[in-house]
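Engineer: missing the sequence, but the structure's below:
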């Protein structure tokens, strides 16, 4: 299938990629602060480490490809990839897990396809999915317990030492199963009331996680207000997830409740910062809605019947596969024309 070449005009005014990426980074600050407050220093250390690695890796591969290093590093896309990985990885993930994820994202998912604008898959999610499959122990046992700074959480030096030690698992008392993981592995053999007495759920939905998701939602609304992203993908993503939960998951004794799907795990980070990647997402408004609803539906399917408690990375990558097909059948209306052309014109046989 040939890739669809969308017609101009694409933008209403000049907006450099570097500025867009900078605003994306700024909009993640509330979420990163909430992660640090409720889960300690791990995400902040991971963010700094992953951004430094992403910039160094991108510089090395650009130098090897004889490309202007400074020109491409200034677009901030490598920094955003490192940032998203640092926000997504477990707080006590050993340094080498982050390094493999960043290398896979920058080299395999981005530069081997030609660099910025040519990658069909979200680079950060390629790196995340690869380490999740390759190192399941390190990726499932290193989530910090939501105790918060100033309580019993390990200090900055202890967290840095745990990450730098390279051990697959951190100290038991520092870690805890995520709410989605805890619910997934107990539902069916326990009632909802029995499951939610676990400390990871707290008094509301998911201790600490609900505030982290609320903070990423706030950052996402800033991007919407600045028109850096459109509403189609976040609304489609969350709408697909809500629809699937209302259709199949109204019994909390059998499936995780809707509140947990929305406010635990990486839902808001995925809806506003990951699925909205302009390179690997669908192009037209209609296409974005289809693409995003597909992600939301897949997140619910994998969380409910798959092996992984959180499913944003796999869902985004699966729908990245479908983007050429979606773009083929949902081209936007050409400027100056009344109707959009559906699909590519077929050549008449003489």
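Structural biologist: Alright, I've got the coordinates. These figures come from a predicted structure and were not determined experimentally.

Engineer: Just the buried residues of the helix ranked longest in the chain, please?
Structural biologist: The longest helix of the chain (DSSP state H) is helix 42-64. For helix 42-64, burial by neighbour count (16 or more other CB atoms under 10 Å) applies to 42-47, 49-51, 53-55, 57-59, 61-62. C-betas here are computed from N, CA, C, even on glycine.

Engineer: Give me the distance from the following helix or strand past that helix to the chain's centre.
Structural biologist: Using DSSP states H and E, the helix or strand that follows helix 42-64 in sequence is helix 69-73. The chain centroid and the centroid of helix 69-73 are separated by 25 Å under CA atoms, centre = their mean, to the nearest Å.

Engineer: what's the following helix or strand after helix 69-73?
Structural biologist: Defined by DSSP H and E, the subsequent element after helix 69-73 is helix 77-88.

Engineer: Now do stretch 200-212, average pLDDT.
Structural biologist: The pLDDT scores in stretch 200-212 average 88.

Engineer: ugh, wrong one, stretch 75-91
Structural biologist: Per-region confidence: stretch 75-91 scores 96 on mean pLDDT.

Engineer: Likewise for stretch 224-240?
Structural biologist: For stretch 224-240, mean pLDDT is 96.

Engineer: helices and strands around the longest helix of the chain, which ones?
Structural biologist: helix 29-39, helix 69-73, helix 77-88, helix 95-103, helix 156-165 (3 or more CB pairs under 8 Å, 6 or more residues apart in numbering; DSSP states H and E).

Engineer: To residue 199, which of those helices lies closest?
Structural biologist: Each of the helices and strands packed on helix 42-64 has some distance to residue 199 by CB to CB; the shortest is helix 29-39, at 12.8 Å.

Engineer: Show me what that closest one is packed against.
Structural biologist: Applying 3+ CB pairs under 8 Å, 6+ apart, one finds that helix 29-39 makes contact with helix 42-64, helix 77-88, helix 209-225.

Engineer: And the protein, what are its domain boundaries?
Structural biologist: Following the TED database, one gets these domains for the chain: 17-171, 178-332.

Engineer: residue ranges with poor pLDDT in the stretch 151-300 of the chain?
Structural biologist: Filtered on pLDDT under 70, the stretch 151-300 of the chain yields the residue ranges 151.

Engineer: Next up, the contacts around the closest residue to residue 234 other than its chain neighbours.
Structural biologist: Counting by CB to CB, 6 or more residues apart in numbering, residue 271 is the residue found nearest to residue 234 once chain neighbours are left out, at 4.5 Å. Residue 271 sits next to 220, 233, 234, 237, 238, 292 when contact means CB atoms under 8 Å, 6 or more residues apart in numbering.

Engineer: go on, residue 164?
Structural biologist: By CB under 8 Å, 6+ apart, residue 164 lies in contact with residue 95.

Engineer: Would you check that residue 235 makes contact with residue 292?
Structural biologist: Yes. With contact defined as CB atoms under 8 Å, residue 235 counts as touching residue 292 (7.3 Å).

Engineer: So which of the two has more stuff around it?
Structural biologist: Using other CB atoms under 10 Å as the criterion, residue 235 and residue 292 rank with residue 292 on top: 28 against 17.
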